[in-house]
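J.: sequence unavailable; structure follows:
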């Protein structure tokens, strides 16, 4: 009272608190849920690390394979172009200054090995016009100027090399190689690319791999799709080529990720130092991820089996060493709290802590059992003493109500059983005024020793001595506070 606006009922608060209290979780459920969560997290971490390492491993494998492949192919291409240029140089050295077409045809007849390298041999005069062609082709037409001599530095190569271009009459894509002749004339050979194309296609078969060959300006020389070479497609936009047209020279092949044909590829490049060409090996990133995903599926299955075996064994271990011993311990507590000391046999707990706890509890239960047995014997002995006494003994609570009575008291009051809870004034109606004084004396904890009472009962006088002995809290077994013992002697 005194709190404004308070309209609630305090006595309802504990009930509402009990209603909202969460039910305790069981140890088995906790073990299963937490173990499942931690195992899932552990599995995801292991899978992430394994996937990352597998992905990096696949990328490193592609880099090693591409490095070996491009190095081998670069050496083959360099030797192929050098051999072709050397054959053309030997022919040029055998011709005089300003040779006639007949002399060129005669020398070509002797050197049939040139046919395996070149699709056409042409003779240019000092004005860069075609004056001779074998096999027959356009003559007396201007020929485009080729680049400067290849390898004027340490390599020592003196031939000129052009970009890939189709032959005007046949459409075959070739690369022109030029050797100088005395007098300002030039001998030009149309280097075949079909042999290079076939050799490149045999290296990395499959739709997920590709090998490209381009000159220093990004013009395709070899491609899995031959029509792109015939269309003279240029891939100079890829990061391997510099804006000025010169390819970025790398001492060792390197792996990059590029976008080509609207797809993401892993690319490894290498230089062909002689003709200044670039070899590009490609592998689809999706193919690498698919390989990694396939391996991860197998790894996930094995990891799932491993973690499942581990979880089952761990749960079984926890069940037998913790959960079941604790459940048995709880059952023992319930039995002891219910007054039964016949505990089930010990399960042989493997954990020393639980075994010590079980042993201490069983020792405690045995001690309590002995003490309760001694207490029962004492109570039985006291009860026998009370029953044997001729005096009427009545145990009262703090409010003067009856708690217990001995047989003499039952005979004195005419009851067969103890009327527990009956006020003393009702139990002894002939001593109503005395009962009030006794109750007041008991409240004051003042003993009453052998007070003589005389009553008339059925025409006879009854002489009784009444004594009251106040007792401490709980001594009488009364639920309410202090009480006392009333003794009536006839």
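T.: The structure has been received and is ready for your questions. This one's a predicted model, so the numbers in the text were calculated from it and none came from an experiment. Residues are numbered from 1 along each chain as shown.
J.: for residue 28, which non-adjacent residue is spatially closest?
T.: residue 323 (5.4 Å; C-beta to C-beta, 6 or more residues apart in numbering). Every residue, glycine included, has its C-beta placed from N, CA and C.
J.: so how far is residue 61 from that neighbour?
T.: According to C-beta to C-beta, to the nearest Å, residue 323 and residue 61 sit 49 Å apart.
J.: quick one: which of the two has more around it?
T.: residue 323 (16 against 13; other C-beta atoms under 10 Å).
J.: quick one: the more buried one and residue 27 touch, right?
T.: Yes - using C-beta atoms under 8 Å, residue 323 is in contact with residue 27, at 5.4 Å.
J.: for the stretch 51-200 of the chain, give me the ranges with low pLDDT.
T.: Applying pLDDT under 70 to the stretch 51-200 of the chain picks out residues 145-158.
J.: residue ranges of the helices in it, please?
T.: Taking DSSP state H, counting those that start in this stretch as the test, the helices found in the stretch 51-200 of the chain are 101-110, 194-203.
J.: residue 77: which of those helices is closest?
T.: helix 194-203 (6.7 Å; C-beta to C-beta).
J.: what helices or strands is whichever helix or strand comes after the closest one leaning on?
T.: Following helix 194-203 in sequence order, the next helix or strand is strand 209-214 (DSSP states H and E). Under the contact criterion of 3 or more C-beta pairs under 8 Å, 6 or more residues apart in numbering; DSSP states H and E, strand 209-214 touches helix 27-94, helix 194-203, strand 220-222, strand 277-284.
J.: about what we covered before: which SS class is the residue nearest to residue 28?
T.: With DSSP: H, G, I helix; E, B strand; the rest coil as the basis, residue 323 sits in helix.
J.: how about the contacts made by it?
T.: Counting by C-beta atoms under 8 Å, 6 or more residues apart in numbering, residue 323 makes contact with 27-28, 31.
J.: can you list those residues in CSV and add pLDDT and neighbour count?
T.: Converted to CSV, these look like this (pLDDT from 0 to 100; neighbours: other C-beta atoms under 10 Å):
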residue, pLDDT, neighbour count
27, 70, 14
28, 73, 16
31, 74, 16
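J.: just the closest of those residues to residue 361, please.
T.: residue 27 (17.8 Å).
J.: gap between that closest one and residue 320?
T.: Remark: distance between residue 27 and residue 320 (C-beta to C-beta) = 13 Å.
J.: just residue 98 next, same as before
T.: 105 Å.
J.: residue 462 reaches residue 452, doesn't it?
T.: No - with contacts defined as C-beta under 8 Å, residue 462 does not count as touching residue 452, sitting 11.2 Å away.
J.: who has more neighbours, these two?
T.: residue 462 (13 against 8).
J.: what helix or strand does the more buried one sit in?
T.: Assessed by DSSP H and E, residue 462 sits inside strand 460-471.
J.: burial count for residue 372?
T.: Neighbours of residue 372 (other C-beta under 10 Å): 12.
J.: right, and the helix or strand after the helix or strand harbouring it?
T.: Per DSSP H and E: residue 372 is located in helix 352-388. Helices and strands here follow DSSP H and E; after helix 352-388, the next one along the chain is strand 392-396.
J.: strand partners of that following strand, parallel vs antiparallel please.
T.: strand 402-405 (antiparallel), strand 483-489 (antiparallel) (DSSP bridges).
J.: switch these over to CSV; also include mean neighbour count, mean pLDDT and distance to residue 111.
T.: Shown next, in CSV, are the strands paired with strand 392-396 (neighbours: other C-beta atoms under 10 Å; pLDDT from 0 to 100; distance: least, C-beta to C-beta, whole Å):
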stretch, mean neighbour count, mean pLDDT, distance to residue 111
strand 402-405, 21, 88, 138
strand 483-489, 22, 86, 139
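J.: now tabulate those strands in a markdown table and tack on distance to residue 212.
T.: Below are the strands paired with strand 392-396 laid out as a markdown table (distance: least, C-beta to C-beta, whole Å):
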| stretch | distance to residue 212 |
| --- | --- |
| strand 402-405 | 108 |
| strand 483-489 | 108 |
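J.: for stretch 369-385, what does the pLDDT average out to?
T.: Per-residue pLDDT values over stretch 369-385 give a mean of 89.
J.: list the buried residues for it?
T.: Buried positions in stretch 369-385, judged by neighbour count with 16 or more other C-beta atoms under 10 Å: residue 369.
J.: can you give the distance of it from its chain's centre?
T.: Centroid displacement of stretch 369-385 relative to its chain, using C-alpha atoms, centre = their mean, to the nearest Å, is 64 Å.
J.: and for it, what's in contact with it?
T.: Outside stretch 369-385, the residues that touch it by C-beta under 8 Å, 6+ apart are residue 341.
J.: then stretch 453-471?
T.: Applying C-beta under 8 Å, 6+ apart, the contact partners of stretch 453-471 are 430-431, 434, 438, 441-442, 445-452, 482-490.
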